[in-house]
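Here is the input, now give the coordinates:
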Amino acid sequence: MSPETAQIIALQALGWLVADEDLLAIFMGSTGCSAESLKAGPDDPALLLSVLDFILMDDQWVVGFCKAVGLDPSQLKCVHGLFPGGNETHWT
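The predicted model follows:
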């Protein structure tokens with residue numbers, strides 16, 4: 001998978017998240033992300049990575065997003081790894 005494809009999928013993930021008001025509220029509350037940050041999101045690799053991190057926290061979110069965009073759920077972790085810092089292991 002190319003970095004360009006990964007960015008497109010991450011942008012789709014951002015759109016999917018924004019379309020779900022309840023899930024967006026959870027994301028914003030847990031990350032401290034502001035509405036202004038979301039507006040800058042398409043140009044911010046760190047925000048796109050945080051969206052992928054968030055979705056990857058819950059299997060139902062992974063399945064729901066992947067089903068919505070026609071992506072094999074096993075590929076989402078690969079997409080995540082193509083972003084700067086995406087291959088780092090976080091033990092929190």
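
ok, and what's touching the helix or strand of the chain with the lowest mean pLDDT?
Least confident element among the helices and strands of the chain, by mean pLDDT, DSSP states H and E: helix 35-40 (a mean of 80). With contact meaning Cβ atoms under 8 Å, 6 or more residues apart in numbering, helix 35-40 is reached by 14, 18, 28, 44, 47. In short, each C-beta sits where N, CA and C put it, glycine included.

and the nearest residue to the fourth one once chain neighbours are set aside, how many neighbours?
When the adjacent residues along the chain are set aside, residue 44 lies closest to residue 37, with 7.4 Å between them (Cβ to Cβ, 6 or more residues apart in numbering). Other residues within reach of residue 37, judged by other Cβ atoms under 10 Å, total 15.

next one: residue 34
When neighbours are defined as other Cβ under 10 Å, residue 34 has 10 of them.

How about the contacts made by it?
By Cβ under 8 Å, 6+ apart, the contact set of residue 34 is residue 28.

for the protein, what are the low-confidence residue spans?
For the chain, applying pLDDT under 70 flags the ranges 41, 84-92.

Next one: residue 26 relative to residue 42, how far apart?
Here residue 26 is placed at a distance of 21 Å from residue 42 (Cβ to Cβ, to the nearest Å).

And residue 63, by the same measure?
Residue 63 is 24 Å from residue 42, by Cβ to Cβ.

Helices of the protein, start to end?
Using DSSP state H, the helices found in the chain span residues 3-19, 21-31, 35-40, 45-55, 59-69, 76-81.

coming back round to it: out of the contacts of helix 35-40, which is most surrounded?
Across those, neighbour numbers were computed from other Cβ under 10 Å; residue 14 holds the maximum, 21 neighbours.

my guess is that residue meets residue 42, correct?
Yes. Residue 14 is within contact range of residue 42, at 7.1 Å (criterion: Cβ atoms under 8 Å).

Spit out the residues that contact the two alike.
Common contact partners of residue 14 and residue 42 (Cβ under 8 Å, 6+ apart): residue 48.

Now for residue 46, how many residues are close by?
Here the number of neighbours of residue 46 (other Cβ under 10 Å) works out to 12.
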